[in-house]
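Novice: sequence and computational prediction follow.
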Amino acid sequence: MTIRVLIVDDQMMVREGFSVLLNAQPDIEVVGEAVDGRQAVEQVAALRPDIVLMDIRMPVLNGLEATREIIAADADAKVLVLTTYDLDEYVYQALRAGASGFLLKDASARQLADGVRIVAAGEALLAPAVTKRLIQEFSRLSTPLGAPKVATQERVGDLTERETEVLVLVAQGRSNAEIATGLVVAESTVKTHVSRILVKLGLRDRTQAAVFAYEAGLITPGG
C-alpha cells in the first residue's frame, strides 16, 4: 500500500525538497502541502493523509496547535514533527499533544523515508537515546498525561507481569522486533501485548506508553 503524506512547512524550499525525496520512494506519495497550521488542519480533513509531516514554528497557527486540533478531530491521525533542534521544547509539547515522533530537518533521504514508514506502521519514531532525553524533559516540564503519580502506579496493577515487562522495553525505545528477540517470542505476540497495554491503560500510542512507564516509576530517566 502507498503511504499518503501531507507536508506542512512555511518554507517553500523545505516543502519542495521533502516532496522530491518522498515521491522518489515507490511506496510513498505526497498528496498535498500546507504553508501553516490552519491550512494543515483543513488539508488533513480534506485529503485524509496517512502521515502529516508537521513543522512547529509557523505563522497563523503553529504546528503544536495544529497537531492538537488534528488529533482532537481524529485520534488515529499520525503526525510526525519536523524540527531544526532535537531538544526543542515545542517538540515535547507536540508529543504530549499526540504526535507520533519527530525528525530533524537535516535528516537524510533514507531517514526521512524510513521515519514515514515507521510511523505509518504504528510505531513511535523515538530512538532509545532520544527517548531518555525526551522523558527527562517531560518530567522536568510537567506531568505529561495529567495523572497523579499514585493513580498512575495503581493502573500498573491492571497489567500482567509480561505486559509490564513489555511496557518497560517500549519505554526504553525498543522496536517490536527488538522486544521479540529479547524475550524470545514472535513479533506478533509483542504487538498483541502492546495493543493490550494501550487499551488497559487508556493510552493513545507507544509514545504515551513510554511516558507512562517513567511516571509510574517502572524506569527512571537515564536508567
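Specialist: Right, received. Where do you want to start? Numbering: from 1, shown residues only.

Novice: residues in contact with Leu159?
Specialist: Leu167, Ile197, Lys200, Leu201 (C-beta atoms under 8 Å, 6 or more residues apart in numbering). Just so you know, the C-beta spots here come from the backbone N, C-alpha and C atoms, and that holds for glycine as well.

Novice: which of those residues ranks first by neighbour count?
Specialist: Leu167 (27 neighbours; other C-beta atoms under 10 Å).

Novice: would you mark the buried spots in the one helix or strand that residue maps to?
Specialist: Assigned by DSSP states H and E, Leu167 belongs to helix 161-171. By neighbour count with 16 or more other C-beta atoms under 10 Å, helix 161-171 contains the buried residues Glu163, Thr164, Glu165, Val166, Leu167, Val168, Leu169, Val170, Ala171.

Novice: give the contact list for the first one.
Specialist: By C-beta under 8 Å, 6+ apart, the contact set of Glu163 is His193, Arg196, Ile197, Lys200.

Novice: what packs against whichever strand or helix holds the third one?
Specialist: The one in question is Ile197. Assigned by DSSP H and E, Ile197 belongs to helix 187-201. Applying 3 or more C-beta pairs under 8 Å, 6 or more residues apart in numbering; DSSP states H and E, one finds that helix 187-201 contacts helix 161-171, helix 176-183, helix 206-215.

Novice: go again using 10 Å as the cut-off
Specialist: If you count contacts as 3 or more C-beta pairs under 10 Å, 6 or more residues apart in numbering; DSSP states H and E, helix 187-201 packs onto helix 149-156, helix 161-171, helix 176-183, helix 206-215.

Novice: as a markdown table, these with mean pLDDT and distance to Asp74 would be great.
Specialist: Shown next, in a markdown table, are the helices and strands packed on helix 187-201 (pLDDT from 0 to 100; distance: least, C-beta to C-beta, whole Å):
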| stretch | mean pLDDT | distance to Asp74 |
| --- | --- | --- |
| helix 149-156 | 60 | 25 |
| helix 161-171 | 90 | 23 |
| helix 176-183 | 90 | 24 |
| helix 206-215 | 77 | 16 |
